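**Student:** Following is a predicted model, sequence given first.
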Amino acid sequence: MKPGFEAVIGLEIHVQLLTKSKMFCACRNGYGGASNAHTCPVCLGLPGALPVLNREAVRMALLLGLALEAHIQPRSIFYRKQYFYPDLPKGYQITQGPVAVVEEGHITIPGDPAVRGNADPVRIRIERAHLEEDAGKSNHELSDKATYVDLNRAGVPLLEIVGGPDLRSANEAYDYLKALHRLVVFLGICDGNMEEGSFRCDANVSVRPKGDKAFGTRVEVKNLNSFRNVKQAIEFETYRHIAMLEKGEAFTQETRGWDADKGETKSQRTKEAAMDYRFFPEPDLPALTITAEEIEATRRTLPELPEARRGRLIHDYGLTDYEAGMLLQTRAFADYFEAVAKASNGKQAANWMLGEVSRTLNDTGREIETLNLASAQLAELIQLVEAKTINLNTAKEAVFPALLMGEGTAREIVEKRGLAQVSDRHAIETLVLEVIRAHPEQLVQLKAGNEKLKGFFVGQVMKAGKGKVNPQLVNEILEAAFAK
């Protein structure tokens, strides 16, 4: 941020809820499928079709509200928000009005020391989270003469989370988005897939002279579908505002789109005001009422929340803050780690999860739930390394791939392939002596001060032992030999 200026940023996040059916009808709620296959008179807005509120969507909204320590409104009303797009079949969107089911929550993120002067955590207000239905999807790429509309997504349940204008940099916006993404995935209310649009973000950005209390002219950047795009779009828009302010140029409140290929935002339209939507109460839906008993019943189903779990992982397993954060990428990933850690060694379990396991998931495009490796099998492999039955290289290069291929348990693979580690001191001393005799020139160079050659000798001994010798003993015996 250029000295003398301050960014004011607020994010509006649309969370597509993991219900089986749509918000106001029984049509399937799911990504993909033949175009317009998951539709009915209700989500198509045909005359006489009446909406019925999805109870599960309400429960998911309560879960989020409780996790954000927000106020759950006992009574809220649905409104019609009217605008005319080809992918909005009714000509209006059913959304919650001035009062939302979730009001006045918060979430804590790391503060950006570059703009705040310290690294203390900051509390970001959640103004509200309201239930609404999604629109359909317009496809402009199938033809250069027409736009095709797929209404499978029309009526899909959304929670729109409206954050307060409390973020002061693109880095804070990134951290805030990550924190909310992790939370909704942990709660099991959203799959968090940004590419498929189930978690998407609009950014409201303005800039003002540092110290001013009044907000600058706000610009909304729409439909940012990745963490990277959110950060880059806000950075671009912040510097664009500063450049205009320095030139004394005026600009209007507008909606802009992000062009990821060019790395810039482009004007789309002037920003609508609330009056442009002509809100009025939805006549076909009664007010949503929530009792204290329903709130408490939902509270009892809350899982351990990400930040609380992060602290426990650090305390229980001796992990770093970074390791704990990476293990919390999804609830299932964290559950798998804990199952492995409880049956083996927490630190080593973390190393395997963030190393070989993550690499396998990335290479195969799988999720931890579909990995062909039970947590007990990985725990046994770690135990074999801890017991020095096999060394770490053998575990990674031979046993782990065999486990993924379903060749048996770790112990069975070690026995069947003869991979057990050689820890016989006399046998290793013999190998070391043979290697030293075979490389007299390197020995002379090492004794002359070339310390890098120690690694060469270790490698040669491991190679002679076919990778099965105890590396700790190899190093120990070599050091003794070099000292002579």
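**Tutor:** Yep, that arrived.

**Student:** buried stuff in the longest helix seen in the chain?
**Tutor:** The residue-count maximum for a helix in the chain (DSSP state H) belongs to helix 227-247. Within helix 227-247, the residues that count as buried by 16 or more other CB atoms under 10 Å are 227, 229-238, 240-242, 245. All C-beta spots, glycine's among them, are computed from the backbone N, C-alpha and C.

**Student:** Mind listing residues that contact it?
**Tutor:** With contacts defined as CB atoms under 8 Å, 6 or more residues apart in numbering, helix 227-247 is touched by 1-2, 5, 7, 9, 11, 169-171, 173-174, 177-178, 181, 194, 201, 203, 205-207, 209, 216, 219, 221, 224, 250-251, 256, 258, 260, 263-265.

**Student:** List only those of these flagged as buried.
**Tutor:** Using 16+ other CB under 10 Å, the buried ones in those are 1, 5, 7, 9, 11, 169-171, 173-174, 177, 181, 194, 201, 203, 205-207, 216, 219, 221, 224, 256, 258, 265.

**Student:** returning to what we had before: just give the strands next to the helix or strand that the longest helix of the chain is followed by in its sheet, each with its orientation.
**Tutor:** As assigned by DSSP states H and E, the chain's next helix or strand after helix 227-247 is strand 254-259. Paired strands of strand 254-259, with direction, are strand 219-224 (parallel), strand 264-270 (antiparallel) (DSSP bridges).

**Student:** which strands and helices sit next to the helix or strand following the last one?
**Tutor:** Tracing the chain C-terminally past strand 264-270 and defining elements by DSSP H and E, one meets strand 280-281 next. For strand 280-281, the packing partners by 3 or more CB pairs under 8 Å, 6 or more residues apart in numbering; DSSP states H and E come out as strand 78-82.

**Student:** The strand it packs on: what's the following helix or strand?
**Tutor:** Next helix or strand after strand 78-82 toward the C-terminus (DSSP H and E): strand 92-96.

**Student:** Please enumerate residues in contact with that next one?
**Tutor:** Defining contact as CB under 8 Å, 6+ apart, one finds that strand 92-96 is touched by 23-24, 51, 76-83, 130-133, 135, 160, 282, 285, 288.

**Student:** before we move on, back to that, relative to Glu338, which of the strands paired with strand 254-259 is closest?
**Tutor:** Shortest distance between Glu338 and the strands paired with strand 254-259, using CB to CB, is found for strand 219-224: 33.1 Å.

**Student:** Tell me what angle that closest one forms with helix 227-247.
**Tutor:** Relative orientation of strand 219-224 versus helix 227-247 (axes from the mean of the first three to the mean of the last three CA atoms, to 10 degrees): 160 degrees.

**Student:** Just the CA trace of strand 219-224, in CSV.
**Tutor:** Provided in CSV are the C-alpha atoms of strand 219-224 (Å, rounded to 0.1, in the frame of the first residue of the first chain):
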residue,chain,number,x,y,z
VAL,A,219,-16.2,-0.6,-6.6
GLU,A,220,-17.5,-4.1,-6.6
VAL,A,221,-15.4,-6.8,-8.4
LYS,A,222,-17.7,-9.7,-9.2
ASN,A,223,-17.4,-13.5,-9.2
LEU,A,224,-13.8,-14.1,-8.2
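
**Student:** quick one on the thing from earlier: among the contacts of strand 92-96, name the buried ones.
**Tutor:** Using 16+ other CB under 10 Å, the buried members of those are 23-24, 51, 76-81, 130-133, 135, 160, 282, 285, 288.

**Student:** and the nearest residue in space to Tyr79 that is not next to it in sequence, what pLDDT?
**Tutor:** In space, and not counting its chain neighbours, Tyr79 is closest to Gly97: 3.9 Å by CB to CB, 6 or more residues apart in numbering. Looking at Gly97, its pLDDT stands at 85.

**Student:** Begin at 820, not 1, for the rest of this chat.
**Tutor:** Understood, numbering begins at 820; the last thing we discussed is Gly916.

**Student:** which residues touch Gly916?
**Tutor:** Counting by CB under 8 Å, 6+ apart, Gly916 makes contact with 895-898, 1098, 1100.

**Student:** which of these sit farthest apart?
**Tutor:** Between all members of the contacts of Gly916, the farthest pair (by CB to CB) comes out as Ser895 and Phe1098, at 13.9 Å.

**Student:** Cheers, nothing more for now.
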